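Asks: Could you work out the structure for the sequence below:
(2 chains)
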Amino acid sequence: MSNSEIAIIFDELADMEEIEGNRWESLAYRKAAASIRSLGVPLETIYSKGELRTIDGVGSAIEKKIIQFLETGKVEKYAEMKSRYPIDFTGLRRVQGLGPKKIYALYTGLGITGLEDLKAAVESHKIEKLSGFGKKSEDNIKRSLDLIATRSSDRLPLGKIYYEVQNMVEAMRESGTVQRVEVVGSIRRMKETVGDVDILAVSESPDEALRSFLPQKYVTGVIASGPAKTSVNLSIGLNGDFRVFSAESFGSAMQYFTGSKEHNIKMRDLAIQKGLKLNEYGLFRKDIPVAGEDEEGIYSALGLQYVPPEMRENTGEIEAAQKRMLPQIPEYVDILGDLHVTVNRFTPEIIGEIVATARNEGLKYAAILYDGTWVSRGSGADYEEYKLMLKYVDKLNAGSEFRLIPGIRMPINMGIEQVSVPPDTMSSAYVVGSLSVNGTSSAYDLTDTVLKSIKSRWFRTLSLSFTEAAPDRSTGMNYEEIFHACAENGIFVELSGNPDDYGIHYTAARAASSSGVKFVLGSRAALPGHIKYIKLSTAIARRAWIEKSSIINSAGYDRAKEILQL
DNA sequence: GCCGTTTTCGGCCCGACTGTTTTCAGTCG
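Replies: Okay, the predicted model is just below:
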């Protein structure tokens, strides 16, 4: 029973209430669903502490439904409504342009209950004859269905598109037809998954700008085009929204389109309380602009500390900013080293490439982790190679400002008792204990394995990775207990934003910050070219509200070595 | 259905765009 399961139930309740015209109930369910999705802890845990009502958007009625779900696996009201609307809302809402009302119209008019029915109706051209729909609607539905068929999720991992989007924006800047271009939306917030690409530009002639500055090589189709906005299909597999604003409004436009939606609702509410009005064009008293040119001015005019984009999820950041108590999260330039670069084979060429790439990323040091599974095989060849690597690193470090920290990565389900190398090798190397969670083991077993290994203290840093790309890594593992054990035993926890290898979710990391645990950031680069993912790892720390002082890599090489006890 | 530093009742973000029902509802962010 995961949080996302119950979030889906509330989202569908929202859809059904909307069909029945109960707008506010719908809004309430929608809000509760979003809140539950952004929790870092299982609802069970919150329930067992009797704290369900502390969740934003959960009142007495929704609390009852959550309890009912946790205790019986069902929600009565949902079952009752669903019997009247036997429709796969979750599936059908993936289709662009279909909301609750249109889905209901498709159901009553054509008996469509899911994506399969919809596809059949499109193929037999029944949609265009349906009242409220037309030829264009049918074409749009068909296009969206084709897109859905090519992928399992409507969102892509940030790391899979981040760097291409940067290139695209760079091309726009070079086009010279606009004065300024910025990426906003979930990419600016560095959300783990991205549903679309939002880009803003400054130009005095918006019409012309919208026509001319889109780099053709990235655009595969146009969805909508108005005087202030153009929506397109991008070659990277997502839709892109481009908007043009004047310089006076650019800050408020950035603020508005960076989101999140929930953060903005709270911001507007705050503005109203102060007798102001906030929209994408500025912050106004009556109709006189108070702020809007830059984001800082808007936050400041509302009596808030500046909130970094990564924290804008309405999970307490506005309240903290009012009290000027936002944590000191690290800036991207504060991270001086990458503490997880994978080395499967040692050659001077590979090491040279790692050093060159890391320097290029602005780093001062990197930990190169040799795959330690050779230990269990007890074979000598790899151990000899590892020793060669140590010697080579010593030589390299002596003559360079850039430093390497040699280390070993060991699977943690392989205890220290199986380690057959001399103990001094283990104690002099930076040892990372890793566990890859594939979703087949039970949550209890996993928690137990991890706790046991933490207590045996044979590694310095815990590195968890997940082959399941579930958005909340809802394995049911007891992160709270794991992080507390880490803090108690002086073990660090690794955060990684590598898109090929899901690390600990930011919500789990944030929930753990009260345990006092310290964090290590790593790119988990398997190839030198992936060292750039250290930026995505930093983003996770920022989203998790982790203080710069709790991150080992924000220290320089000498201090970091000291902390790692090397 | 939720929520409260003017409220326990009466509000609840708001503007852009599309397509179709020729004046606006539905969807999106």
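
Asks: separation between residue A:261 and residue A:243?
Replies: 16 Å (CB to CB, to the nearest Å). Where C-beta positions appear, they are placed from N, C-alpha and C, glycine not excepted.

Asks: now residue A:384
Replies: 60 Å.

Asks: cool, and residue A:307?
Replies: The gap separating residue A:307 from residue A:243 is 22 Å, by CB to CB.

Asks: ok, residue A:384 and residue A:243, which is more surrounded?
Replies: residue A:243 (21 against 11; other CB atoms under 10 Å).

Asks: Do a quick rundown of the strands in the stretch 151-300 of chain A.
Replies: Per DSSP state E, counting those that start in this stretch, the stretch 151-300 of chain A carries strands over the ranges A:156-157, A:180-184, A:193-194, A:196-202, A:219-225, A:229-234, A:239-245, A:277-279, A:282-285, A:288-291.

Asks: Now tabulate these in CSV and tack on mean pLDDT.
Replies: Below are these laid out as CSV (pLDDT from 0 to 100):
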stretch, mean pLDDT
strand A:156-157, 86
strand A:180-184, 92
strand A:193-194, 88
strand A:196-202, 90
strand A:219-225, 78
strand A:229-234, 83
strand A:239-245, 87
strand A:277-279, 87
strand A:282-285, 88
strand A:288-291, 86
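
Asks: Which one of those lies nearest to residue A:313?
Replies: With CB to CB, the closest approach to residue A:313 among these belongs to strand A:193-194: 13.5 Å.

Asks: Off-centre distance for the closest one?
Replies: Computed by CA atoms, centre = their mean, to the nearest Å, the chain-centroid distance of strand A:193-194 equals 6 Å.

Asks: okay if I get the strands of the stretch 151-300 of chain A as a markdown table plus distance to residue A:372?
Replies: A markdown table is the format used below for the strands of the stretch 151-300 of chain A (distance: least, CB to CB, whole Å):
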| stretch | distance to residue A:372 |
| --- | --- |
| strand A:156-157 | 27 |
| strand A:180-184 | 39 |
| strand A:193-194 | 31 |
| strand A:196-202 | 40 |
| strand A:219-225 | 45 |
| strand A:229-234 | 41 |
| strand A:239-245 | 43 |
| strand A:277-279 | 54 |
| strand A:282-285 | 55 |
| strand A:288-291 | 55 |
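
Asks: Enumerate every residue touching residue A:555.
Replies: Listed by CB atoms under 8 Å, 6 or more residues apart in numbering, the contact partners of residue A:555 are A:336, A:563.

Asks: let me redo that: residue A:324
Replies: residue A:305.

Asks: And residue A:219, by the same measure?
Replies: Residue A:219 touches A:232, A:233, A:234, A:235, A:240, counting by CB under 8 Å, 6+ apart.

Asks: Look at residue A:54 and report its pLDDT.
Replies: Per-residue pLDDT puts residue A:54 at 89.

Asks: hang on, I meant residue A:452
Replies: pLDDT, read off for residue A:452, is 86.

Asks: next one: the one 10 residues further on
Replies: Model confidence at residue A:462, given as pLDDT, is 94.

Asks: Below-threshold pLDDT in the stretch 451-566 of chain A: ranges please.
Replies: The model of the stretch 451-566 of chain A has pLDDT under 70 over residues A:468-476.

Asks: mind running it again at 90?
Replies: For the stretch 451-566 of chain A, the stretches with pLDDT under 90 are A:451-459, A:464-481, A:499-516, A:526, A:564-566.

Asks: nearest residue to residue A:77 other than its sequence neighbours?
Replies: Nearest residue to residue A:77, sequence neighbours excluded (CB to CB, 6 or more residues apart in numbering): residue A:65, at 6.5 Å.

Asks: Could you count how many residues lie near the one you found?
Replies: So residue A:65, with other CB under 10 Å, has 21 neighbours.

Asks: Could you tell me how far the helix or strand containing it lies from the centre of the chain?
Replies: Using DSSP states H and E, residue A:65 sits within helix A:60-72. Remark: helix A:60-72 is offset 28 Å from the chain centroid, using CA atoms, centre = their mean.

Asks: Quick one: check it for contact with DNA strand B.
Replies: Yes - using CB under 7 Å from any atom of the strand, helix A:60-72 reaches DNA strand B at A:60, A:61, A:62, A:63.

Asks: elements contacting the next helix or strand after that helix?
Replies: Downstream of helix A:60-72, the first helix or strand assigned by DSSP H and E is helix A:76-84. Counting contacts by 3 or more CB pairs under 8 Å, 6 or more residues apart in numbering; DSSP states H and E, helix A:76-84 packs against helix A:3-19, helix A:60-72.

Asks: if you look at the next helix or strand after helix A:76-84, does any of it touch DNA strand B?
Replies: Once helix A:76-84 ends, the next helix or strand along the chain (criterion: DSSP H and E) is helix A:89-92. No - shown here: helix A:89-92 not in contact with DNA strand B (CB under 7 Å from any atom of the strand), separated by at least 9.5 Å.

Asks: before we move on, the earlier item: okay, the strands of the stretch 151-300 of chain A in a markdown table with distance to DNA strand B next?
Replies: What follows is the strands of the stretch 151-300 of chain A, written out as a markdown table (distance: least, CB to the nearest atom of the strand, whole Å):
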| stretch | distance to DNA strand B |
| --- | --- |
| strand A:156-157 | 14 |
| strand A:180-184 | 8 |
| strand A:193-194 | 11 |
| strand A:196-202 | 5 |
| strand A:219-225 | 3 |
| strand A:229-234 | 4 |
| strand A:239-245 | 6 |
| strand A:277-279 | 5 |
| strand A:282-285 | 9 |
| strand A:288-291 | 13 |
